[in-house]
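# got a sequence here, can you model it:
(one chain, ligands or ions: 2)
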Amino acid sequence: MNIHEYQAKELLAKYGVPVPAGHAAMSVDEAVAAAGKLPGPLWVVKSQIHAGGRGKGKFKELGPDAKGGVRLAHSVDEVRAHAEEMLGKTLVTIQTGPDGKQVQRLYITDGVDIAKEFYLALLVDRETGRIAIVASTEGGMDIEKVAHDTPDKIETFTIDPATGLMPHHGRAVAAALGLTGDLAKQATRVLAKLYDAFVGTDASQIEINPLAITDQQQLMVLDAKIGFDSNAAFRHPETEQLRDLTEEEPMEIEASKHDLAYIKLDGNIGCMVNGAGLAMATMDIIKLEGGEPANFLDVGGGASKEKVTAAFKIILSDASVKGILVNIFGGIMKCDIIAEGIVAAAREVSLNDPLVVRLEGTNVAEGKAILANSGLPIISADDLGDAARKIVAEVKQVEMA
Ligand code: ADP
Ligand code: MG
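Ligands and ions are numbered 1, 2, ... in the order given. Reported below is the predicted structural model:
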């Protein structure tokens with residue numbers, strides 16, 4: 001789960017991380033009021049969307065010469081003009097994809113005089129099983145380019161979970177950023193507070209870009225992105241409040257209500273599978289046969305008929321789905337229960353797309369009989385390869401028709 005920049009900064013400020021003052025705004029009037037509460041003489045009007053690259057982003061509705069999604073203002077009137085131009089518009093950045101995202105919230109914040117911009121992030125490094133610190137002197141709006149062209153300018157350190165953050169990590173980060181004296185001490189303090197915030201909120205990622213040195217020689221967080229580990233969500237009802245459902249895929253929200261693991265993808269073959277490993281294998285084999293999965297969907301070990309029906313509806317609500325492959329191994333969940341769920345769901349949604357079902361495991365004969373006797377045009381498959389070949393062939397036919 002992700003949150004907006006302004007929410008991330010409010011959260012980090014609670015942990016003592018230095019951020020400029022600012023206020024969120026949902027309307028032009030709120031933006032003007034927010035600017036009035038800040039001292040000036042420089043304000044920044046920032047689009048709040050769950051994507052980075054806003055500064056260099058472009059608004060779809062405005063011409064190519066219009067300013068981007070992060071704008072400086074030298075008066076409250078200028079804040080108003082920017083807010084009027086930005087709210088409700090669609091911002092396209094390198095992270096949003098070509099469709100962009102509608103700007104529904106702004107963040108009005110103190111403008112800071114920047115002497116230098118760094119990159120500093122904490123994330124869970126799956127390879128080492130540790131929290132990693134990533135630091136670079138080349139912060140700002142081109143970090144993707146730095147990572148691609150000059151990866152040696154990005155340094156990584158990992159933290160042993162048994163000891164937690166140690167003073168040597170602070171010294172290493174300060175050295176990586178080329179900081180000495182008081183700025184090195186500030187870097188150590190900021191890092192310690194970010195680490196506390198990371199562990200305290202069960203974050204999966206905290207990315208600060210830029211971490212700036214101001215003209216007054218103060219380190220300050222000017223942009224922050226936080227993602228949380230959804231497996232720890234139950235421990236943090238307070239972060240659940242920060243969710244902005246308009247930023248999330250509607251089908252993924254629906255899936256989370258039914259406790260289904262669903263990720264939308266770009267292909268046209270809907271997949272319903274039990275178990276994450278089998279779901280991955282199913283997607284792989286669809287690709288091997290020349291098809292493209294429309295989603296990852298794990299209905300879990302103990303799915304009920306209701307859950308299968310909900311899963312079916314979610315798959316079908318995706319307009320790009322041209323066929324469905326159900327691949328279920330009946331263990332805890334028996335094949336006949338699955339078959340009943342499939343038949344009920346197919347009837348309820350009056351299914352028109354081809355449906356290939358591969359069942360294996362407990363009560364497989366009963367399950368196959370339920371499908372065969374349903375009167376529905378369900379195509380039965382014997383194994384995973386057979387199932388993939390059949391659905392890919394069916395979808396090709398639909399596409400040619
Ligand atoms: P994004 O990463 O989405 O482009 P940022 O918040 O990093 O958005 O803003 C882009 C750039 O705008 C920053 O690299 C920084 O140079 C400038 N900027 C952001 N916030 C401020 C601020 N409060 N004061 C001065 N400049 C800022
Ligand atoms: Mg940034």
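
# going forward, measure contacts between C-alpha atoms and count neighbours the same way
OK.

# quick one, helices of the protein?
5-14, 28-36, 76-86, 143-149, 167-176, 181-200, 237-240, 250-257, 276-288, 305-316, 335-348, 364-372, 384-400 (DSSP state H).

# of all those helices, which lies closest to ligand 1?
helix 5-14 (7.8 Å; C-alpha to the nearest ligand atom).

# just how off-centre is the closest one within its chain?
Relative to its chain's centre, helix 5-14 lies at 18 Å (C-alpha atoms, centre = their mean, to the nearest Å).

# counting by contacts, list what it packs against.
Helices and strands touching helix 5-14, by 3 or more C-alpha pairs under 8 Å, 6 or more residues apart in numbering; DSSP states H and E, are strand 22-25, strand 224-228.

# could you dump those strands to a markdown table with mean pLDDT and mean neighbour count?
As requested, these are exported to a markdown table (pLDDT from 0 to 100; neighbours: other C-alpha atoms under 10 Å):
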| stretch | mean pLDDT | mean neighbour count |
| --- | --- | --- |
| strand 22-25 | 98 | 21 |
| strand 224-228 | 97 | 22 |
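
# next one: phi and psi at the closest residue to K322 other than its chain neighbours?
Sequence neighbours aside, N268 is the residue nearest to K322 in space, at 5.4 Å (criterion: C-alpha to C-alpha, 6 or more residues apart in numbering). When read as degrees, to the nearest 10, the backbone of N268 gives phi -130, psi 10.

# a markdown table please, covering the helices of the chain and showing mean neighbour count and mean pLDDT.
Listed next are the helices of the chain as a markdown table, based on neighbours: other C-alpha atoms under 10 Å; pLDDT from 0 to 100:
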| stretch | mean neighbour count | mean pLDDT |
| --- | --- | --- |
| helix 5-14 | 19 | 98 |
| helix 28-36 | 19 | 98 |
| helix 76-86 | 20 | 98 |
| helix 143-149 | 14 | 87 |
| helix 167-176 | 17 | 97 |
| helix 181-200 | 18 | 97 |
| helix 237-240 | 14 | 90 |
| helix 250-257 | 15 | 84 |
| helix 276-288 | 17 | 95 |
| helix 305-316 | 21 | 85 |
| helix 335-348 | 20 | 86 |
| helix 364-372 | 17 | 93 |
| helix 384-400 | 18 | 94 |
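
# so which of the ones you listed gets nearest K116?
Within the helices of the chain, the stretch nearest K116 is helix 181-200; the backing value is 12.0 Å (C-alpha to C-alpha).

# got the angle for that closest one vs helix 167-176?
Here the directions of helix 181-200 and helix 167-176 differ by 120 degrees (axes from the mean of the first three to the mean of the last three C-alpha atoms, to 10 degrees).

# name the helices or strands packed onto helix 181-200?
On a contact count with 3+ C-alpha pairs under 8 Å, 6+ apart, helix 181-200 meets strand 114-125, helix 167-176, strand 203-214, strand 219-221.

# change it to 6 Å
Applying 3 or more C-alpha pairs under 6 Å, 6 or more residues apart in numbering; DSSP states H and E, one finds that helix 181-200 contacts helix 167-176.

# T96: neighbour count?
T96 has 17 neighbouring residues, counting by other C-alpha atoms under 10 Å.

# how about N327?
N327: 24 neighbours (other C-alpha under 10 Å).

# does it touch V273 like I think?
Yes - using C-alpha atoms under 6 Å, N327 makes contact with V273 at a distance of 5.0 Å.

# adding distance to ligand 1, write the helices and strands packed on helix 5-14 out as CSV.
CSV is the format used below for these (distance: least, C-alpha to the nearest ligand atom, whole Å):
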stretch, distance to ligand 1
strand 22-25, 9
strand 224-228, 7
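
# is it possible to get a markdown table of these that adds distance to R126?
Shown next, in a markdown table, are these (distance: least, C-alpha to C-alpha, whole Å):
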| stretch | distance to R126 |
| --- | --- |
| strand 22-25 | 34 |
| strand 224-228 | 15 |
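
# and those: which comes nearest G53?
strand 224-228 (11.6 Å).

# and R54, what is it in contact with?
By C-alpha atoms under 6 Å, 6 or more residues apart in numbering, the contact set of R54 is G69, T93.

# what's the answer for the one 10 residues further on, then?
With contacts taken as C-alpha under 6 Å, 6+ apart, P64 has no neighbouring residues.

# one more time with 7 Å
K58 (C-alpha atoms under 7 Å, 6 or more residues apart in numbering).

# how much space is there between it and K58?
7 Å (C-alpha to C-alpha, to the nearest Å).

# can you check R171 too?
Per C-alpha to C-alpha, R171 is found 39 Å from K58.

# any idea how far the residue of the chain most remote from its centre lies from ligand 1?
The C-alpha centroid of the chain is most remote from N373, which lies 42.5 Å away (C-alpha atoms, centre = their mean). Distance of N373 to ligand 1, given as C-alpha to the nearest ligand atom, to the nearest Å: 56 Å.

# now G57
Distance, G57 to ligand 1, using C-alpha to the nearest ligand atom: 7 Å.

# so which residue of the stretch 301-401 of the chain comes closest to ligand 1?
Closest approach between the stretch 301-401 of the chain and ligand 1, counting by C-alpha to the nearest ligand atom: D318, at 29.4 Å.

# residues in contact with the residue nearest to K322?
E292, P293, A294, S320, V321, K322, G323.

# which residues does H23 bridge with?
I108 (DSSP bridges).

# scratch that, T214
Bridge pairing for T214 (DSSP bridges) gives the partners I114.

# per-residue confidence at it?
pLDDT, T214: 97.

# what's the spacing between D298 and ligand 1?
From D298 to ligand 1 the distance is 33 Å (C-alpha to the nearest ligand atom).

# correct me, but that residue touches L278?
No - using C-alpha atoms under 7 Å, D298 makes no contact with L278, being 8.6 Å away.

# how about the residues of the protein by ligand 1?
Residues of the chain lying close to ligand 1 by C-alpha under 6 Å from any ligand atom are 44, 52-56, 70, 109-113, 140-141, 209-210, 222-223.
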